[in-house]
Structure formats: structure tokens, C-alpha cells
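In: Sequence first, then the predicted structure, then my questions.
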Amino acid sequence: MVHAIRIHQTGGPEVMKWEEVEVGDPGPGQIRLKNAAAGLNYIDTYHRSGLYKLPLPLNLGMEGAGTVTAVGPGVTDIKVGDRVAYASQPLGSYSEERLMQADRVVVLPDGISDQQAAGMMLKGMTVEYLLRRTYKVKAGDTVLFHAAAGGVGLIFGQWAKALGATVIGTVGSDEKAKLAREHGYDHVINYKSENFVERVKEITKGEGVPVVYDGVGKDTWAGSLDCLRPLGLMVSFGNASGPVGPVDIGILAPKGSLFVTRPTLVTYTARREDLVGSANALFDVVKSGKVKIEIKQTYALKDAARAHADLESRKTTGSTLLLP
């Protein structure tokens with residue numbers, strides 16, 4: 001029998017249960033795959049806690065990679081034995097085997113391992129749309145990214161540096177600062193001992209940055225706005241410290257006619273062609289060696305609750321995998 005991590009109520013890591021599940025045969029347009037690994041992402045904690053509300057009971061996990069074991073009617077571009085990866089709804093990557101819509105997975109090229117893919121699809125495609133589509137980072141730009149030592153942050157630093165940007169990152173410890181510097185960040189600010197707004201203004205000689213990428217949320221929202229130059233863009237793409245509260249958009253005018261967006265990977269990869277394009281851009285930059293995917297932690301899939309607790313207590317860095 002196949003096992004998966006499921007929740008029947010929202011709450012802390014303790015609500016996660018290791019249970020037997022029925023998978024069944026793939027229907028029209030579906031594939032069945034055996035997961036080699038699942039990626040751990042902060043959005044998983046939002047689904048578990050109920051911050052992002054979804055019907056219960058719920059199989060957790062958005063990111064994974066594995067081998068196709070069966071294909072349903074109408075699937076022509078994916079075959080049994082293909083290695084595939086995904087970072088998409090429906091949820092369910094915290095499982096030994098699962099069904100997926102064929103148009104939501106991509107075939108892995110040679111040179112990208114299953115574990116690499118499981119640790120980079122959601123995080124790497126997030127970086128792709130942030131850097132290349134939400135705000136098109138170009139050589140000479142100076143950009144600010146919060147949580148620089150996290151899974152998204154380590155990919156972001158390398159990719160932004162490869163584009164020729166000057167990259168500023170914030171972290172919460174000296175150890176994480178060292179890690180960020182090793183992954184492309186030119187300036188690293190420890191927010192526990194430094195005022196990141198003052199340091200950004202110092203680094204940019206009072207001008208501010210054209211864009212702030214903020215996956216932290218509540219704790220960094222106000223300061224992030226103050227780091228922007230006039231007509232700058234605030235990209236609020238996550239809530240690691242809690243959601244941003246109600247906002248009076250009138251504050252954007254005196255701060256320099258600022259722009260704000262709240263993007264999601266689901267929207268940016270909703271069309272098949274956008275999903276494939278994003279994945280291929282990620283594969284290319286990884287295969288080129290410009291971005292290295294490093295798995296910093298692994299847990300047995302059945303120990304996913306411990307992995308969530310460590311993630312939320314900021315004990316993890318980089319990419320984390322759950323192994324069936």
C-alpha cells in the first residue's frame with residue numbers, strides 16, 4: 001500500500017499524519033508516478049496551518065520529482081519510464097506515489113538529477129519569474145532580496161549575479177551571511193544586528209533600490225518600502241513571518257509613487273507554455289553551472305512534521321528534501 005502525509009485539520013506540524021492512501025490508475029490526461037523526492041517549501045506550512053485555505057482532508061506538498069509508471073488515455077508526450085518533475089497544484093508531493101495531470105509536469109533533461117529537480121522546481125521557477133518577468137533584472141541593477149540564505153534566496157543570489165546585478169541580501173545570523181556571500185550576494189545584512197533600511201541606503205548612496213523581493217511578509221513590509229527609490233517596485237511573494245496586514249495604499253504616494261505586486265508561481269505558470277518555458281530556463285542556467293542547487297537537509301518523508309518544525313524555526317538553509 002502507498003503512504004502519504006495527510007492532514008485532516010489545520011494547525012501545527014503535529015496535524016501531519018503518515019497514512020495509507022489509494023492511488024489508482026491514471027485517468028484521461030493523467031500520469032501515475034513514483035516520487036523519488038519531494039521538496040520542502042514555506043508555502044507547505046501555509047497549507048498545513050490554514051493560512052491558505054484548502055478543502056480537507058489534504059495531501060501536502062507542491063514540489064517533487066520521480067519516474068512515470070503509467071499513463072492515461074490521451075497522454076502522448078510523456079511515456080512510462082520518463083523522469084519528470086513538477087511544482088504545481090494539485091497538492092500531493094508528500095507521497096510515495098501519486099497521480100498528476102500530464103500537462104503539469106516536465107520531462108527532466110540529462111544532467112539534472114531527480115533530487116536536484118525536487119529541490120529546485122518550485123524555488124527555481126519562482127526565481128525565474130521574479131527575475132525575468134515580474135521585474136526584469138538587468139546588468140547594473142542593484143536589488144534587495146530578503147531571506148537570502150533560504151532555498152529561494154540561494155538560487156536568486158546566483159542567478160541575479162549571473163545577470164550582472166549587484167545583489168543585497170538580508171539574513172538572521174552570521175552563518176547564514178557567510179552562506180549568502182558564497183552564493184552571489186555582494187552585500188549581506190544581518191537584520192538582527194543591523195538596520196537593513198539604513199544599510200541599503202548606505203550601499204546605494206541614498207538612492208534606494210528599484211526593486212525589493214520580499215518573501216518574509218509582516219516583519220519586513222514597512223522597511224522594504226523605505227528601501228525603494230521613487231517609482232520602485234515592491235514584490236511581496238511570501239509570508240514567512242506572517243501575512244501583511246491591511247494596507248493604506250495612500251502611503252505609496254509620499255514614498256515615491258511606488259508600485260506593489262503580490263505574485264504567485266501558480267499564476268506565472270498557469271499556461272503550459274509558460275510552465276515549460278520557466279522550467280527550461282531553470283534547467284539551462286543550472287546545466288550551465290551559473291546556478292548550483294545544493295541540498296542542505298534531507299528527512300525521511302514520514303518525518304515531514306519535524307522538517308516543518310525546523311523550517312518554521314529557521315533552522316534550515318537552502319533546499320530541503322523529503323525522501324520516501
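Out: It's in. Numbers count the residues shown, from 1 in each chain.
In: Quick check: residue 102 touching residue 77?
Out: Yes - contact criterion CB atoms under 8 Å: residue 102 and residue 77 qualify, at 7.4 Å. The way it works is simple: take the backbone N, C-alpha and C, and place the C-beta from them, glycine included.
In: Pick out whichever of the two has more residues nearby.
Out: Counted by other CB atoms under 10 Å, residue 102 and residue 77 do not tie: residue 102 has more neighbours, with 20 against 9.
In: Return the distance of the more buried one relative to residue 30.
Out: Using CB to CB, to the nearest Å, residue 102 is found at 6 Å from residue 30.
In: measure residue 280 to residue 266 for me?
Out: Distance from residue 280 to residue 266, by CB to CB: 19 Å.
In: er, residue 298 I mean
Out: Distance of residue 298 to residue 266, computed by CB to CB: 26 Å.
In: Verify the stated contact: residue 5 with residue 15.
Out: No - using CB under 8 Å, residue 5 is not in contact with residue 15, being 10.2 Å away.
In: Can you classify the residue nearest in space to the middle of the chain as helix, strand or coil?
Out: In the chain, the residue lying closest to the centroid (CA atoms, centre = their mean) is residue 123, at 3.1 Å. Following DSSP: H, G, I helix; E, B strand; the rest coil, residue 123 is assigned to helix.
In: Test my guess that it contacts residue 319.
Out: Yes - between residue 123 and residue 319 a contact is recorded at 6.6 Å, counting by CB under 8 Å.
In: Mutual contacts of these two, please.
Out: In terms of CB atoms under 8 Å, 6 or more residues apart in numbering, residue 123 and residue 319 are both contacted by the residues 39, 151.
In: What is the end-to-end distance of stretch 119-139?
Out: Its start and end residues considered, stretch 119-139 measures 27 Å (CA to CA, to the nearest Å).
In: what's near enough to touch residue 46?
Out: 52, 239.
In: how about low-confidence regions in the stretch 51-200 of the chain?
Out: The model of the stretch 51-200 of the chain has no residue with pLDDT under 70.
In: Show me where the chain has its helices.
Out: 42-49, 114-118, 121-129, 151-162, 174-181, 196-203, 221-226, 265-268, 272-287, 304-312 (DSSP state H).
In: For these, give me JSON lines that also has distance to residue 72.
Out: Converted to JSON lines, the helices of the chain look like this (distance: least, CB to CB, whole Å):
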{"stretch": "helix 42-49", "distance to residue 72": "26"}
{"stretch": "helix 114-118", "distance to residue 72": "22"}
{"stretch": "helix 121-129", "distance to residue 72": "22"}
{"stretch": "helix 151-162", "distance to residue 72": "32"}
{"stretch": "helix 174-181", "distance to residue 72": "43"}
{"stretch": "helix 196-203", "distance to residue 72": "50"}
{"stretch": "helix 221-226", "distance to residue 72": "44"}
{"stretch": "helix 265-268", "distance to residue 72": "23"}
{"stretch": "helix 272-287", "distance to residue 72": "17"}
{"stretch": "helix 304-312", "distance to residue 72": "28"}
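In: Quick one: closest of those helices to residue 97.
Out: helix 114-118 (14.2 Å; CB to CB).
In: The closest one packs against which elements?
Out: strand 30-39, strand 63-71, strand 83-87 (3 or more CB pairs under 8 Å, 6 or more residues apart in numbering; DSSP states H and E).
In: Any chance you could list what contacts the second one?
Out: Defining contact as CB under 8 Å, 6+ apart, one finds that strand 63-71 is touched by 25-26, 30-39, 41, 78-87, 93, 97, 102, 108, 114-115, 117-118, 121-123.
In: can you do 6 Å?
Out: 26, 31-39, 41, 80, 82-85, 87, 93, 114, 117-118, 121-122 (CB atoms under 6 Å, 6 or more residues apart in numbering).
In: Quick check on the residues you listed: which are buried?
Out: 26, 31-39, 41, 82-85, 87, 93, 114, 117-118, 121-122 (16 or more other CB atoms under 10 Å).
In: In contact with residue 157, which residues?
Out: By CB under 6 Å, 6+ apart, the contact list for residue 157 reads 167, 183, 184, 185.
In: between those residues, which is nearest residue 249?
Out: After measuring the contacts of residue 157 against residue 249 - CB to CB - the closest member comes out as residue 167, at 28.5 Å.
In: which residues does the closest one contact?
Out: Residues in contact with residue 167, defined by CB under 6 Å, 6+ apart, are 157, 160, 161, 184, 185, 186.
In: now, which of these sits nearest residue 275?
Out: residue 160 (22.1 Å).
In: if I look at the nearest residue to that closest one once chain neighbours are set aside, how far off is residue 127?
Out: Distance criterion CB to CB, 6 or more residues apart in numbering; nearest residue to residue 160, sequence neighbours excluded, is residue 167 at 4.7 Å. Between residue 167 and residue 127 the distance is 12 Å, computed by CB to CB.
In: Could you do residue 234 as well?
Out: Residue 234 is 17 Å from residue 127, by CB to CB.
In: who has more neighbours, these two?
Out: residue 127 (28 against 20).
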